[in-house]
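Visitor: quick one: sequence plus predicted model below, questions after.
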Amino acid sequence: MKLPAFELERYFARYEFKTEFNLCPSDCESFSLSELLSMADDESRTLWENLRLEYTESQGLPLLRKEIASLYTGLSSENILLAVPEEGIFLAFNSILEPHDHIIALTPAYQSLYSIPESMGCTVTSWPVREEKGEWTIDIDGLEALIRPTTKMIVVNFPHNPTGYMPTEKDFLKIIDIASHHDLYLFSDEMYRFLEFDEASRLPSPCTLYEKAITLGGLSKAFGLPGLRMGWLASQNSTFLNICAQLKDYTTICASSPAEILSLIGLRNKERILHRNRTLLAKNLKEVEKLFSEYGNLLHWTPPKGGSIAYPELKSDISIETFCQKAIEQYGVMILPGTVFGSVENRFRVGFGRASFSEALKQFAVFLKNWKG
Ligand SMILES: Cc1ncc(COP(=O)(O)O)c(C=O)c1O
């Protein structure tokens with residue numbers, strides 16, 4: 001297995017810590033260690049104060065797995081395996097897929113969701129998230145036509161990176177139904193869950209509804225705790241989780257012990273953390289929509305339905321790479337070209353989950369004002 005460069009991650013590696021204004025992060029504002037610890041209840045504070053920096057249980061701290069399982073109706077801690085989010089994708093695909101399998105995956109997409117299967121020798125059919133009448137959509141009715149005799153898995157990610165698209169619950173249940181009817185695995189990347197703009201539109205996690213569904217969750221985005229590197233796979237399928245656990249012995253073996261306790265504190269303060277981040281997102285979203293409407297001749301905004309990112313279009317013959325490069329080099333504003341998602345459209349990603357967003361947006365406005373494309 002030979003993996004290609006991960007274009008998005010390489011772009012971040014190049015610019016994230018060297019560019020003054022980051023206008024494309026995918027995470028929400030992070031918490032400081034002391035802020036997080038100040039939220040600890042008696043039990044987790046005692047665990048933190050007595051923490052030994054030892055190896056931890058390979059499946060994950062039982063108390064933490066119990067807390068994670070409570071996010072999913074009907075699941076218990078036995079249905080949860082801790083993994084770094086990115087590692088969870090790697091473990092799941094390597095546990096299920098074999099060369100010559102066929103999978104169906106949304107595009108554009110976070111690269112590992114299609115590059116890992118491709119590198120394993122699988123064939124990947126793109127299921128495009130596209131704009132129609134000013135809104136993001138996918139062709140749910142066309143899904144069955146993409147299925148082949150060798151199809152083993154459907155890969156989805158809602159709210160979607162980079163578009164912020166979410167199907168209705170009715171449409172999502174159709175996807176689960178199709179997977180179940182054709183006996184396919186359904187890998188559901190839910191890294192942006194809990195960031196739905198309308199909470200009533202939150203989708204059920206397929207791992208609660210279908211035996212061959214696998215959910216990827218984590219604390220990097222909605223919870224503003226990416227530095228903990230904490231995520232999990234949730235599934236009713238114990239055989240699948242056992243194979244992932246065996247494979248994890250070759251990746252990280254177990255989670256970091258401080259990260260486990262801090263994650264427990266984060267999850268036990270879920271409502272407070274999510275309220276803070278959703279409030280920030282709503283404020284930032286208004287600001288970015290206002291700026292984009294002012295520059296409607298140059299930029300086209302396609303509204304997200306959830307998440308902390310959006311995927312607008314540059315209405316110009318100038319390539320999106322040049323546009324982003326100029327923003328970085330001349331104005332110190334980092335935006336992410338759609339080419340890193342394998343997209344041929346002239347789109348770029350903006351991220352509006354951080355407290356520094358207004359400042360970065362102001363600088364982007366200066367760039368737009370002076371743009372002579
Ligand atoms: C859709 C999606 N899945 C998985 C990940 C991986 O999460 P992490 O970087 O916390 O490992 C990301 C990160 O950006 C993502 O956007």
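Guide: Sure, I can see it. Numbering: from 1, shown residues only.
Visitor: what residues are up against the residue nearest to Ile103 when sequence neighbours are not counted?
Guide: Nearest non-adjacent residue to Ile103, counting by CB to CB, 6 or more residues apart in numbering: Met153, 4.5 Å away. Where C-beta positions appear, they are placed from N, C-alpha and C, glycine not excepted. Contacts for Met153 (CB atoms under 8 Å, 6 or more residues apart in numbering) come out as 96-97, 101, 103-104, 117, 184-187.
Visitor: ok, and the most crowded of these?
Guide: Phe187 (29 neighbours; other CB atoms under 10 Å).
Visitor: let me know the pLDDT of the nearest residue to Ser238 once chain neighbours are set aside.
Guide: With sequence-adjacent residues excluded and distances taken as CB to CB, 6+ apart, Ser238 is closest to Glu78, at 7.0 Å. Glu78 is assigned a pLDDT of 98 by the prediction.
Visitor: tally of neighbours for the residue of the stretch 151-300 of the chain found nearest the ligand?
Guide: At 3.3 Å from the ligand, Ser220 is the closest residue in the stretch 151-300 of the chain, using CB to the nearest ligand atom. Ser220: 23 surrounding residues under other CB under 10 Å.
Visitor: would you turn the contacts of Met153 into CSV with distance to Ala310, pLDDT and secondary structure?
Guide: Listed next are the contacts of Met153 as CSV, based on distance: CB to CB, whole Å; pLDDT from 0 to 100; DSSP: H, G, I helix; E, B strand; the rest coil:
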residue, distance to Ala310, pLDDT, secondary structure
Ile96, 32, 98, helix
Leu97, 31, 98, coil
Asp101, 33, 98, coil
Ile103, 27, 98, strand
Ile104, 25, 98, strand
Pro117, 27, 98, helix
Leu184, 30, 98, coil
Tyr185, 30, 98, strand
Leu186, 26, 98, strand
Phe187, 24, 98, strand
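Visitor: between the residues you listed, which sits nearest Arg229?
Guide: Phe187 (20.1 Å; CB to CB).
Visitor: would you check how far apart Glu43 and the ligand are?
Guide: 26 Å (CB to the nearest ligand atom, to the nearest Å).
Visitor: so that residue: helix, strand or coil?
Guide: helix (DSSP: H, G, I helix; E, B strand; the rest coil).
Visitor: and it, how many neighbours?
Guide: Using other CB under 10 Å, Glu43 has 12 neighbouring residues.
Visitor: repeat for the one 5 residues further on
Guide: Applying other CB under 10 Å, we find 16 residues neighbouring Trp48.
Visitor: in terms of secondary structure, what does the helix or strand containing Ile116 contact?
Guide: If you go by DSSP states H and E, Ile116 is part of helix 112-119. Contacts defined by 3 or more CB pairs under 8 Å, 6 or more residues apart in numbering; DSSP states H and E place helix 112-119 against helix 85-96, strand 102-107, strand 123-128, strand 151-157.
Visitor: distance check, Asn50 against Leu267.
Guide: Asn50 is 20 Å from Leu267, where distance means CB to CB, to the nearest Å.
Visitor: so the two - more neighbours on which side?
Guide: Leu267 (20 against 8).
Visitor: you'd agree the more buried one is in a strand?
Guide: No. Looking at Leu267 with three-state DSSP, it is helix, so not inside a strand.
Visitor: tell me how far it lies from Ala360.
Guide: 29 Å.
Visitor: okay, buried residues for the helix ranked longest in the chain please.
Guide: Counting residues, the longest helix found in the chain (DSSP state H) is helix 270-294. By neighbour count on 16 or more other CB atoms under 10 Å, the buried set for helix 270-294 is 270, 273-274, 276-278, 280-281, 284-285, 288, 291-292.
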